[in-house]
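[1] Coordinates only, no sequence provided:
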């Protein structure tokens, strides 16, 4: 039995449930990340003089590999840990990668009925860098946590493996739903969007021209016609974007995911979910 | 024995480099694996200062009119050492420099051949786009990993592109080039020497060095079946032993890739995330493949992001 399954079984949880098992951090952490020049610029730009608390595990956690297996598709999870007990919820999360050409990966907006701010995606990472997540709570407080990620070397360029294939079936979507562990709880959904997510940063050596950036920039999720998650994202999201998120399953309904790209492409996927959370 | 000779010559090369700087490289050791077919075996290693980037199999085929170079190594200096080995054997002009795909360890010695009169740089049609998307990162990687020995290295792009198939005439000797659907990368090109039935596979075939998926694992498994049916008397893989009948090495590669695909398909079926797969498989790199602890997780990741789209 693998470690993760073992822990899950031991706690009497299903694998679909979120586990707040804090892995020990490797490498430099949030405190060290405050000195990074890029961050100091971003901080002024995005948050002005507002206070930011760091490493408050009760609010936000960030899961990243210390060494990326593939720089073109690095799995990242930002997990909000507020359970609503103090009346607060996370209304917004920023995901930043300091050393990327465009450090802002995305801004994710959540709602009281979201089922908990929690998003997993995959990103392109250009170099050794801090990855940081900043949460804004409903009482307008900011919290940040940062991890160091090593991504570079050999064939690990953060480039597409098969851009022609991704472009060919562009717009195809897959929506997968895991039922909530207990009725009325948070269900887990994954959406996949077939898209080359072209950065526009790599010059075509034959024409000496830069391609037009072409990437998914907006995701909107609704369940039973109420907002679950709205995201504004950049080409730091890996080719064929993937997002896993929660939605509160408070009865049968339709989960709708809408995506929009920079060329005014609109994509939509729907899944009907029954009263047991099965789709 | 072979590897000891290669190790010795590489050490000697580095000493020569220190004295001469680039521009006048001591010739690489090359083996004549078939009449007129010369191969330099790269080390089974990742890029490092100590190997100067000499990690891929590169070489040349000599015709009656001219010579075709097949892959040029990770750095300008490696390209120069290959050119010196070539010049030690023939005065014929270099008419073609063929790149089997865009990876830096196969193309970044191209600059050494730019001065050859009338030379054409040949690659699969999708190679320039794939290289230009990575070139900047590759140069940074070389700087980090190889350092000084990579000085003077830059990308040199193909001037002749192969869409599907092409024949190159070296004078009394024909090379048949074939561009494949996405497999190891999206721009794999094989070179078949009709006279000796030697197939240069590029990185479509890895021997001992763990195969690295940077294209499509499904596509690669298909291409392996097709390579196995070619009438090749021997194969020159991109990495590993250079005297190979080919069949057993292809089967071993197929076994590894099929195993990766199988593990990943099961995990996707269970609903495991990419992260869960990587965590669960940590430490599972198969010991029979060199450098698996470095690249196995990467292969799982590449396979996952491809196979999650299967129905």
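    That came in fine, so what should we check first? Please read these numbers as outputs of a predicted model, since none were measured by experiment.
[2] Quickly note the distance from the closest residue to residue B:211 other than its chain neighbours to residue B:184.
    Distances taken as Cβ to Cβ, 6 or more residues apart in numbering or on different chains place residue B:253 nearest to residue B:211, at 5.3 Å, with adjacent residues excluded. For glycine as for every other residue, the C-beta is placed from the backbone atoms N, C-alpha and C. Residue B:253 sits 10 Å away from residue B:184, going by Cβ to Cβ, to the nearest Å.
[3] Same question for residue B:286.
    Counting by Cβ to Cβ - residue B:286 and residue B:184 are separated by 18 Å.
[4] Quickly run through the sheet partners of the host helix or strand of residue A:246, with directions.
    Using DSSP states H and E, residue A:246 falls within strand A:242-248. Sheet pairing for strand A:242-248, assigned by DSSP bridges, gives strand A:118-123 (antiparallel), strand A:186-193 (antiparallel).
[5] okay if I get those strands as CSV plus mean pLDDT and mean neighbour count?
    What follows is those, written out as CSV (pLDDT from 0 to 100; neighbours: other Cβ atoms under 10 Å in any protein chain shown):
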stretch, mean pLDDT, mean neighbour count
strand A:118-123, 96, 24
strand A:186-193, 95, 22
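[6] Quick check: phi and psi on the closest residue to residue B:232 other than its chain neighbours?
    Here the nearest residue to residue B:232 in space, its sequence neighbours aside, is residue B:199; by Cβ to Cβ, 6+ apart that works out to 3.9 Å. Main-chain torsions, residue B:199, degrees, to the nearest 10: phi -110, psi 120.
[7] still on that earlier bit, tell me the mean pLDDT over the strand holding residue A:246?
    Averaging pLDDT along strand A:242-248 yields 95.
[8] List the buried residues of it.
    For strand A:242-248, a neighbour-count test (16 or more other Cβ atoms under 10 Å in any protein chain shown) marks A:242, A:243, A:244, A:245, A:246, A:247, A:248 as buried.
[9] you'd agree residue B:301 is in a helix?
    Yes - counting by DSSP: H, G, I helix; E, B strand; the rest coil, residue B:301 is located in a helix.
[10] quick one: it and residue A:73 touch, right?
    Yes - counting by Cβ atoms under 8 Å, residue B:301 touches residue A:73, with 5.9 Å between them.
[11] overlap in contacts of the two?
    Applying Cβ atoms under 8 Å, 6 or more residues apart in numbering or on different chains, one finds that residue B:301 and residue A:73 are jointly contacted by residue B:274.
[12] which residues of chain B fall in strands?
    B:31-34, B:37-40, B:58-62, B:67-70, B:94-98, B:120-124, B:160-162, B:165-169, B:174-179, B:189-193, B:198-206, B:234-239 (DSSP state E).
[13] Average pLDDT for the fifth one, rounded please.
    pLDDT averaged over strand B:94-98 equals 98, rounded to a whole number.
[14] Same question for the first one.
    Mean pLDDT, strand B:31-34: 98.
[15] what sits up against it?
    So strand B:31-34 is contacted by B:38, B:39, B:40, B:41, B:193, B:196, B:198, B:233, B:234, B:236, B:242, B:243 (Cβ under 8 Å, 6+ apart).
[16] cool, and stretch B:192-199?
    B:33-37, B:61, B:173-178, B:190-191, B:200, B:227, B:230-236, B:246.
[17] Endpoint to endpoint, stretch A:32-39 covers what distance?
    11 Å (Cα to Cα, to the nearest Å).
[18] now swap in stretch B:267-281 and tell me
    First residue to last in stretch B:267-281 (Cα to Cα) measures 10 Å.
[19] Does that stretch reach chain A?
    Yes - applying Cβ under 8 Å from any Cβ of the partner chain, one finds stretch B:267-281 touching chain A at B:270, B:271, B:272, B:273, B:274, B:275, B:276, B:278, B:279, B:280.
[20] Also stretch B:148-166?
    Yes - judged by Cβ under 8 Å from any Cβ, stretch B:148-166 comes into contact with chain A through B:155, B:157.
[21] in that stretch, what's buried?
    B:149, B:150, B:153, B:155, B:156, B:157, B:158, B:161, B:162, B:166.
[22] Relative to residue B:116, which of these is nearest.
    For those, the minimum distance to residue B:116 (Cβ to Cβ) is 11.7 Å, reached by residue B:156.
[23] gap between that closest one and residue B:102?
    12 Å.
[24] cool, residue A:166 as well?
    Taken as Cβ to Cβ, the span from residue A:166 to residue B:102 is 17 Å.
[25] same thing with residue A:176?
    34 Å.
[26] number of nearby residues for residue 42?
    Since no chain was named, I'll use chain A. Counted with other Cβ atoms under 10 Å in any protein chain shown, residues neighbouring residue A:42 total 18.
[27] My question was about chain B, not that one.
    27.
[28] before we move on, what about the one 5 residues further on?
    Using other Cβ under 10 Å, residue B:47 is surrounded by 21 other residues.
[29] so what's it scoring on pLDDT?
    Per-residue pLDDT puts residue B:47 at 93.
[30] what sits against the closest residue in space to residue A:185 that isn't next to it in sequence?
    Nearest residue to residue A:185, sequence neighbours excluded (Cβ to Cβ, 6+ apart): residue A:249, at 6.7 Å. Residue A:249 makes contact with A:115, A:179, A:180, A:183, A:184, A:185, A:186, A:187, A:223, A:273, A:277, according to Cβ under 8 Å, 6+ apart.
[31] I'd say the second one and residue A:276 touch.
    Read that as residue A:179. Yes - Residue A:179 lies in contact with residue A:276 (Cβ under 8 Å); the separation is 6.2 Å.
[32] Please say which of these two ends up with more neighbours.
    Neighbours per residue, other Cβ under 10 Å: of residue A:179 and residue A:276, the larger number sits with residue A:179, 18 against 11.
[33] Can you say which of the residues of stretch B:267-281 next to chain A are buried?
    Looks like the residues of stretch B:267-281 next to chain A have B:272, B:273, B:274, B:275, B:276, B:278, B:279, B:280 buried, using 16+ other Cβ under 10 Å.
[34] how near is the first one to residue A:190?
    Using Cβ to Cβ, one gets 11 Å for the distance from residue B:272 to residue A:190.
[35] Measure how buried the closest residue to residue B:208 other than its chain neighbours is and give me the count.
    Once flanking residues are discounted, residue B:208 sits nearest to residue B:240: 4.5 Å by Cβ to Cβ, 6+ apart. If you count neighbours by other Cβ under 10 Å, residue B:240 ends up with 20.
[36] For residue B:240, list the residues it contacts.
    Per Cβ under 8 Å, 6+ apart, neighbours of residue B:240: B:44, B:57, B:205, B:206, B:207, B:208, B:209, B:249.
[37] quick one, what contacts the most centrally placed residue in chain B?
    For chain B, the residue nearest the mean C-alpha position is residue B:238 (3.8 Å; Cα atoms, centre = their mean). Contacts for residue B:238 (Cβ under 8 Å, 6+ apart) come out as B:56, B:57, B:71, B:100, B:106, B:201, B:202, B:203, B:204, B:205, B:206.
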